[in-house]
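> turn this into a structure:
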Amino acid sequence: MTNRKNVFIWSLFDFGNSSYAVIIVAFVYAVFFKKVVAGGVPVADLYWALAINISMIISAVLNPVCGAIADLTYSKKKFLIFFTVLCVTSTALMYFTGEGTVIFALVLFVFSNIGFQTGLTFYDAFMSDVSEPKDYNKVSSTGYAVGYVGSLVSVLLVFPLKDNPNLLFLLCALFFLVFSLPFFLFLKEKRGEKRHSGSLISYGFSKVATTLRHINDFPNLKNFLLAFFFYIDAVNTIIFFAGNYASTTLNFDVTELAIFFLIVQVTAMLGSILFGFLGGRLGILRSIFVNIAMWILLTFAVFFTEDKTSFYIIGGFAGTFLGSTQSLSRTLMTTLTPLEFKAEFFGFYALLDKTSTLLGPLTFGLVSWISGSQKLAVLSLGLFFVIGMFMLAKVKEKENLKLA
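Numbers count the residues shown, from 1 in each chain. This is a model prediction of the structure:
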């Protein structure tokens, strides 16, 4: 039986790390880096893109290798502690960034994002330690809903501290640390007998290589991961460029951006709760199809939008499907993955999540550069959703995976 107290403690981690996702990744640190640290020069966008790509590539490599080791040694919690400390420490040091500290600011972002992105793998994989299979969708939805409450609180912090961003970065690190402590202090990982002796690093790489060679033995999981790669690519690109698009194409100022993200966080929380209910009624797979279809419609809506009010409304709808797309995907991934390989396969899940951020932003950037229109760049993301939908049609939700 699923322990509600453990689920709540587990979800508090999502509440805490949401401060990093909003304040550092979404818009505050990104805007601060370009306008203050780099002095507003055009090449700052390239520097920022490279920092994102470097951190994502490193995280993508670490995820499946560390995941395999964590499965072997039953050490998901230890890995999560390590990467959380890496993220929190690097974020706190952002307090010392300022005009001209370009390299220092970028290095801190790279390390903090590696910690944040890699740690998510072990947090996601821990869902099977705190809940029963029949409750995966409700628990996943709860985690995202609580996470978006954390995002909401984080956005509210921007208003009083918008003129003191360095203090905001320090507060972000403290926020993450405090709300991750209950997880580390009170949750226990399910354990078994050690299954290997020798070099763990060698084991990690060899295990990943073996899994890659035999991925065709898991056709249902493979089809889902391929579909996930494409549609989450578009979702991630929208997350990374929403603030940039609003400020560049629609001339949003910092306060208007904060209001926009406030709307997104509220509707994302509600969307997670809504599809936590609808997922059980419609089925997880069908619910994901509904989400992707709505994302396609939203890309067209952005293309035709010319005013700020309409963009606020679109942001509200986008938030609804942002939380639910992520939550439903995690639920389906948990359902399709064998229990004894949770961390390893969630490592591949995270790998595709991270590496997709190279393709989507590149497409967005190229289309925007060649056409001179961010609107066409947003429209191009619809293709990723369409491909993801076609790949998802090959997935069988109720198929039970068995190791070959």
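
> quick one: pLDDT of residue 155?
We note a pLDDT of 86 for residue 155 in this prediction.

> which parts of whichever helix or strand it is part of are buried?
When secondary structure is defined using DSSP states H and E, the element that contains residue 155 is helix 136-161. By neighbour count with 16 or more other Cβ atoms under 10 Å, helix 136-161 contains the buried residues 136-155, 157-158, 161. To be clear about C-beta, it is placed using only N, CA and C from the backbone, and glycine gets the same treatment.

> check stretch 95-112 too.
Of the residues in stretch 95-112, those scored as buried under the neighbour-count criterion (16+ other Cβ under 10 Å) are 95, 97, 101, 102, 105, 106, 108, 109, 110, 111, 112.

> relative to residue 89, how far out is the residue nearest to the third one when sequence neighbours are not counted?
Using Cβ to Cβ, 6 or more residues apart in numbering and skipping the chain neighbours, the partner closest in space to residue 101 is residue 37 (5.8 Å). Plainly put, residue 37 is 19 Å away from residue 89 if you go by Cβ to Cβ, to the nearest Å.

> quick one: which of those two has more around it?
For residue 37 versus residue 89, neighbours defined as other Cβ atoms under 10 Å are more numerous around residue 37 (23 against 15).

> measure that one to residue 324 for me?
Here the distance between residue 37 and residue 324 works out to 35 Å (Cβ to Cβ).

> go on, residue 373?
Residue 373 sits 29 Å away from residue 324 when distances are taken as Cβ to Cβ.

> picking that back up, any idea of the mean pLDDT for the following helix or strand past the helix holding residue 155?
Moving toward the C-terminus from helix 136-161, the next helix or strand (DSSP H and E) is helix 165-186. For helix 165-186, the per-residue pLDDT values average out at 95.

> can you give me how far helix 165-186 is from the chain middle?
Its chain's C-alpha centre lies 18 Å from the corresponding centre of helix 165-186 when counted by Cα atoms, centre = their mean, to the nearest Å.

> show residues contacting it.
6, 9-10, 12-13, 15-17, 19-20, 23-24, 28-29, 32, 36, 77, 80-81, 84, 87-89, 91-92, 94-98, 150, 154, 157-158, 161-162 (Cβ atoms under 8 Å, 6 or more residues apart in numbering).

> again, but for stretch 274-286
Applying Cβ under 8 Å, 6+ apart, the contact partners of stretch 274-286 are 137-138, 140-142, 145, 287, 290-291, 320, 323-324, 327-328, 331-332, 335, 392, 395, 397.

> one more: stretch 261-273?
With contact meaning Cβ under 8 Å, 6+ apart, stretch 261-273 is reached by 22, 26-27, 141-142, 144-145, 147-149, 151-152, 154-156, 242-243, 312, 315-324, 327.

> next: stretch 377-385.
Everything outside stretch 377-385 that qualifies as a contact, by Cβ under 8 Å, 6+ apart, is 230-231, 233-234, 237-238, 241, 245, 292, 295-296, 299-300, 302-303, 360, 363-365, 367-368, 371.

> just the buried residues out of these, in ChimeraX syntax.
Of these, the buried ones can be selected in ChimeraX as follows, counting by 16+ other Cβ under 10 Å:
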select :230,231,233,234,237,238,241,245,292,295,296,299,302,303,360,363,364,365,367,368
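
> among the contacts of stretch 377-385, which lie within strands?
The subset of the contacts of stretch 377-385 located in strands under the criterion DSSP state E is empty.

> in helices only, show me the contacts of stretch 377-385.
When helices are assigned by DSSP state H, the members of the contacts of stretch 377-385 inside them are 230-231, 233-234, 237-238, 241, 245, 292, 295-296, 299-300, 302-303, 360, 363-365, 367-368, 371.

> circling back: chain center to the helix holding residue 155: distance?
Distance of helix 136-161 from its chain centroid, counting by Cα atoms, centre = their mean, is 13 Å.

> list the helices and strands it packs on?
Other elements packing on helix 136-161 under the criterion 3 or more Cβ pairs under 8 Å, 6 or more residues apart in numbering; DSSP states H and E are helix 4-19, helix 127-130, helix 165-186, helix 254-282, helix 308-336.

> could you list the low-confidence segments of the stretch 1-150 of the chain?
Applying pLDDT under 70 to the stretch 1-150 of the chain picks out residues 1-2, 42, 45.

> where along it do the strands fall?
Taking DSSP state E, counting those that start in this stretch as the test, none of the stretch 1-150 of the chain falls into strands.

> what ranges do the helices span in it?
4-19, 28-32, 44-73, 76-93, 102-125, 127-130, 136-161 (DSSP state H, counting those that start in this stretch).

> who's in contact with the residue nearest to residue 100 when sequence neighbours are not counted?
Leaving aside its sequence neighbours, residue 100 sits nearest to residue 37 (Cβ to Cβ, 6+ apart; 7.3 Å). The neighbourhood of residue 37, defined by Cβ under 8 Å, 6+ apart, consists of 44, 97, 98, 99, 100, 101, 102, 105.

> kindly report the same for residue 375.
Listed by Cβ under 8 Å, 6+ apart, the contact set of residue 375 reads 249, 302, 303.

> I'd like the average pLDDT over the stretch of helix or strand it belongs to.
Residue 375 belongs to helix 374-380 when elements are defined using DSSP H and E. pLDDT averaged over helix 374-380 equals 85, rounded to a whole number.

> ok so, going back, of residue 373 and residue 324, who's got more company?
For residue 373 and residue 324, the more surrounded residue by other Cβ under 10 Å is residue 324, and the numbers stand at 28 against 14.

> what pLDDT does that one get?
83.

> and what of the one 5 residues further on?
The predicted structure scores residue 329 at 87 on the pLDDT scale.

> numbering from 20 from now on, please.
Okay, residue one is now 20; in that scheme the one you just asked about reads as residue 348.

> you'd agree it is up against residue 247?
Yes. Under the criterion of Cβ atoms under 8 Å, residue 348 lies in contact with residue 247, with a separation of 5.9 Å.

> I'd guessed residue 352 sits against residue 371; true?
No. Assessed by Cβ under 8 Å, residue 352 is found out of contact with residue 371, at 10.2 Å.

> tell me, what's touching these two both at once?
Common contact partners of residue 352 and residue 371 (Cβ under 8 Å, 6+ apart): residue 247.

> out of the two, which sits in the busier spot?
Under the criterion of other Cβ under 10 Å, the comparison of residue 352 against residue 371 puts residue 352 first, with 25 against 18.

> right, I'll leave it there.
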